[in-house]
Every structure is written in structure tokens, then in C-alpha cells.
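>>> mind folding the following:
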Amino acid sequence: MPWWFWILLWIALIALSLLLHLTLGYRLFRKFMSTVHELGDAGKRFSNLSPVAETSDVEPSENRSRPGSAIFASPDQMRHDYLTAKAFRQEVRRQKRVKRKAGRGQPQSLHDIEFR
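Presented below is the predicted three-dimensional model:
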């Protein structure tokens, strides 16, 4: 085969490679811009949500101690406060679970309805 055939072959390979890279780059750019537009739309949609006043399951109590007072409290008092709050949170979750299952018509757990 003549030498000019090999040169034309290499030129064709380089041109096809360049065309492939340009096509992939264009597709990547289009997908990136599509994602940016979707994120912008989501940002606009969710920026209008009103802030939730209370997100906790637990009602705030009026007799809460001041922040930082745990440093000076006795370990027994802190253990009691922790276990009391834990039991209260568990009870709130249990009541929500019973209410949700009753609303869906699902059978209740004997543990949840305190059949012990």
C-alpha cells in the first residue's frame, strides 16, 4: 500500500475521533444544562414553602432547665431526666403508630395497645 494511504487513514481516524469527542461533549453539555435548569426549577418551587414552626414530636415543656445547667447537675438527676424524656418520646411514637395503623385499618400490635 502506498504511503499516502496510511496518511489518509490516520487523518480519517483523527477526524472521526474528533467528531466523536465533540458529539460526546455536546451531549454532556446538554445534560448538564438540563440538570441545572431542573435544579433551578426545584429551587423556585421549594423556596416558597412556609417555614414549619415546630418540627419536633415532643411538645416543649415550660419547666425546662437552662442550657448549660447539666454541667452542675448530679448524674442521678441527669439520668432521671434522660430516661423520662426517652420514655416520653417512645410513648409519643407509639401513639402515632397506633393512630396511623388504626387509620389504615391495619392490625395493631399487642405491645402497642398495652395488652401485656
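>>> quick check: which element contains the residue nearest the centre of the chain?
Taking C-alpha atoms, centre = their mean, the centroid of the chain lies closest to residue 46, which sits 14.3 Å from it. Residue 46 belongs to helix 3-47 when elements are defined using DSSP states H and E.
>>> so after that helix, what's the next helix or strand?
helix 75-104.
>>> and that following helix, how far out from the chain middle?
Taking the mean of its C-alpha atoms, helix 75-104 sits 24 Å from the chain's own mean (C-alpha atoms, centre = their mean, to the nearest Å).
>>> got it, and stretch 70-77?
35 Å.
>>> what does that stretch contact?
Stretch 70-77 is contacted from outside by 65, 78, 81, using C-beta atoms under 8 Å, 6 or more residues apart in numbering. C-beta here means a position set from N, CA and C on the backbone, and glycine is covered the same way.
>>> could I have the CA atoms of that stretch written out in CSV?
The C-alpha trace of stretch 70-77 is given here as CSV (Å, rounded to 0.1, in the frame of the first residue of the first chain):
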residue,chain,number,x,y,z
ALA,A,70,-26.4,19.9,83.1
ILE,A,71,-22.7,20.6,83.9
PHE,A,72,-23.6,21.3,87.5
ALA,A,73,-26.4,18.7,87.9
SER,A,74,-25.9,15.4,89.7
PRO,A,75,-25.5,12.3,87.5
ASP,A,76,-28.6,10.8,89.1
GLN,A,77,-30.7,13.8,88.1
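>>> with that, I have no additional questions.
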